[in-house]
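[1] Sequence first, then the predicted structure, then my questions.
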Amino acid sequence: MLPPYRIKVVEPIPFLSAEERRHALAGAGYNPFNLRAEQITIDLLSDSGTGATSVAQEAVAALGDESYAGARSWFRFVAEVQDLTGYPHILPVHQGRAGERILFTNLLKPGQICISNTHFDTTHANVHLAGAEPRDLPCAEAADLDSVDPFKGNIDLDALERVLNGPDGERVGLVLITVTNNGLGAQPVSMANLEAVRDLCRRHRVPFYLDAARFAENAWLVSRREPGYRTWSPRQIARRAFELADGCVVSLKKDGLSAVGGFIGLRDPDLHARCEANLIATEGFSTYGGLAGHDLERLAQGLREVVDPAYLRARAAATSRLAQMINDEGVDLIQPPGIHALYLNAGRLLPHLAAHQFPGHALGCQLYLDGGIRCAELGSLYLGRLDDQHRLVSPAPFELVRLAIPRRVYSDEHFQYVAAILADIAKDPERVPGYRIVSSPPLLRHFKVRLEPVTRSSTVDAG
Ligand SMILES: *Cc1c(COP(=O)(O)O)cnc(C)c1O
């Protein structure tokens, strides 16, 4: 699976001593979000805006038209997005969450329910901020981390139908399907599932939207795993997925292969007019939406490159190889491996740590301390419920660590390094300490929370 590109511009990566890393992490309140990039050797915190651009993207960026309104770059961008999605109305935004805010405040009414396979964190927050209630209905297969079911990103159709037919049915204001399911193991959603959601939503007259940050990666996995789509191109599959929905909100920091960007795609002209007014007031005029002309150019080109089967095949294979290396070291991760990230089963690797000691967070910190690797916890620190004293009252279902894979950035040698650091931890997991929260913000806790390691002698009374 040769990547269909070679490297032309490189960026040096920092190497710190173990002592420097210890000092850096303590200074960051044991929250990797607070580290400086120059303190990190391998950054797997996010695949968002972290990919490498191509020569073609940088070449067209030089042609960026920075006119305030009606720029050439806008027309190139919108033509590309309309051709990809089929939606007549496209609103550009500086990143996905701006699109969420604008769409939800115009589509959802206070007291309504937004149902999803799994809401992404900012999506969850923006549903709340619109006064509505986010509700996740992942399929039952998703709860078995080891199962190799091909479409564990699907929504639970029976549960969705029960809500729509039940006492809360009237309150459902939106069904939003995240492709791929970032909150639950980067697992793809099948076309059959999307079709069934479309049918249910039509019958109940509920809007059906896609949160399509990884539309190309989902399309690739559909082409590999779903009967009937073998001969479809990733672009055709993506187009079909967009066709099934009434609209979409997309962060282009992922499959747009660019550092910034996003868009809202709509069919409903009235909703478009309402969102557009909001966009102009808060993001920018409707032909740039907070983006520069050169960004729009990079995005238009990136949207072509991302559906290249050779690119998607190589990217999926690279992630699978890293998954294999990690498995070979005896560390379990959510199966089957997705494309943009791997999710380590920290709960299983560190059974000596209880949920209130945040095993996922502990593993993430150890990866930094031992190897300068940065990643994100997806466990009780992120999803659990805490009391006023920051004590865990209800844990997350799983204690996971997400290794996000930036696009076109790291090589197999980098991955081998990550696997070797993990192998070292797996040989003596008991040396990994638990953590306790020192201070925590009320919303989107994981971004700003500060913690400290729990020493052996204090584990007994840690709650
Ligand atoms: C990244 C992401 C978002 C938010 O997009 P930003 O560009 O980071 O604001 C929304 N949904 C999903 C599934 C995402 O992965």
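    Looks like it came in fine. Numbering: from 1, shown residues only.
[2] So what does the residue most central in space within the chain look like in phi/psi?
    Centrality entry for the chain: nearest residue to the mean C-alpha point is N182, 4.2 Å, by C-alpha atoms, centre = their mean. Torsion angles at N182 (phi, psi; degrees, to the nearest 10) stand at phi -60, psi -40.
[3] For it, which residues are in contact?
    Going by C-beta atoms under 8 Å, 6 or more residues apart in numbering, N182 touches 118, 120, 213-214, 340-341. Bear in mind the C-beta positions are built from the backbone N, C-alpha and C, glycine included.
[4] now with 6 Å?
    N182 is in contact with F120, counting by C-beta atoms under 6 Å, 6 or more residues apart in numbering.
[5] May I have the residues that are in contact with the residue of the stretch 201-350 of the chain found nearest the ligand?
    Across the stretch 201-350 of the chain, the shortest distance to the ligand (C-beta to the nearest ligand atom) belongs to S251, at 3.1 Å. Applying C-beta under 6 Å, 6+ apart, we find S251 in contact with 95-96, 213, 262.
[6] Kindly report the same for T85.
    Contacts of T85 (C-beta under 6 Å, 6+ apart): 242, 265.
[7] And it, what's its pLDDT?
    Note for T85: predicted pLDDT of 98.
[8] what's the answer for D121, then?
    pLDDT, D121: 87.
[9] residue ranges with poor pLDDT in the stretch 251-400 of the chain?
    Nowhere does the stretch 251-400 of the chain drop to pLDDT under 70.
[10] switch the cut-off to 90
    For the stretch 251-400 of the chain, the stretches with pLDDT under 90 are 382-383, 386-390.
[11] Kindly report the residues of it close to the ligand.
    Within the stretch 251-400 of the chain, the positions near the ligand by C-beta under 6 Å from any ligand atom are 251, 253-254, 262.
[12] among those residues, which ones are buried?
    251, 253-254, 262 (16 or more other C-beta atoms under 10 Å).
[13] Would you format those residues as a markdown table with secondary structure and distance to I113 included?
    As requested, those are exported to a markdown table (DSSP: H, G, I helix; E, B strand; the rest coil; distance: C-beta to C-beta, whole Å):
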| residue | secondary structure | distance to I113 |
| --- | --- | --- |
| S251 | strand | 23 |
| K253 | coil | 28 |
| K254 | coil | 26 |
| G262 | strand | 24 |
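[14] Show me the two of these that sit farthest apart.
    Farthest-apart pair in those is K254 and G262; separation 9.6 Å (C-beta to C-beta).
[15] For E11, the count of nearby residues, please.
    Residues lying near E11 (other C-beta atoms under 10 Å) number 6.
[16] gap between it and D158?
    48 Å (C-beta to C-beta, to the nearest Å).
[17] Show me the contacts of S251 that map onto strands.
    G262 (DSSP state E).
[18] Pull the most distant pair out of the contacts of S251.
    Q95 and A213, at 10.0 Å, using C-beta to C-beta across the contacts of S251.
[19] who has more neighbours, those two?
    Taking neighbours as other C-beta under 10 Å, Q95 and A213 compare with A213 leading, 28 against 22.
[20] Next, the contact list for the more buried one, please.
    Going by C-beta under 6 Å, 6+ apart, A213 touches 251, 254.
[21] Would you map the strands across the stretch 51-200 of the chain?
    Secondary structure of the stretch 51-200 of the chain by DSSP state E, counting those that start in this stretch: the strands cover 89-93, 113-116, 133-136, 172-178.
[22] Give me the distance between the residue nearest to the centre of the chain and R408.
    Taking C-beta to C-beta, one finds N182 at 19 Å from R408.
[23] With A423 instead?
    For A423, the distance to R408 equals 26 Å [C-beta to C-beta].
[24] got a list of contacts for the helix or strand where A26 lies?
    Using DSSP states H and E, A26 sits within helix 18-27. Helix 18-27 is contacted from outside by 39, 368-369, 372, using C-beta under 6 Å, 6+ apart.
[25] Make a ChimeraX selection of the buried ones in the residues you listed.
    Only the buried entries of these go into this ChimeraX selection, using 16+ other C-beta under 10 Å:
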select :39,368,369,372
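[26] Among the contacts of helix 18-27, which ones are in strands?
    Per DSSP E, the contacts of helix 18-27 never map to strands.
[27] Now for the contacts of helix 18-27: which two are most distant?
    Most distant of these, by C-beta to C-beta, are Q39 and L369, 11.6 Å apart.
[28] Give me the subset of the contacts of helix 18-27 that lies in helices.
    368-369 (DSSP state H).
[29] just the contacts of helix 18-27 now: which is nearest G153?
    Taking C-beta to C-beta as the measure, Y368 is the one of the contacts of helix 18-27 closest to G153, at 28.7 Å.
[30] and the closest one, what is it in contact with?
    25, 374.
[31] give me the number of residues near the residue of the chain found nearest the ligand?
    As assessed by C-beta to the nearest ligand atom, the ligand sits closest to G96 within the chain, at 2.4 Å. Using other C-beta under 10 Å, G96 is surrounded by 27 other residues.
[32] Much appreciated, bye for now.
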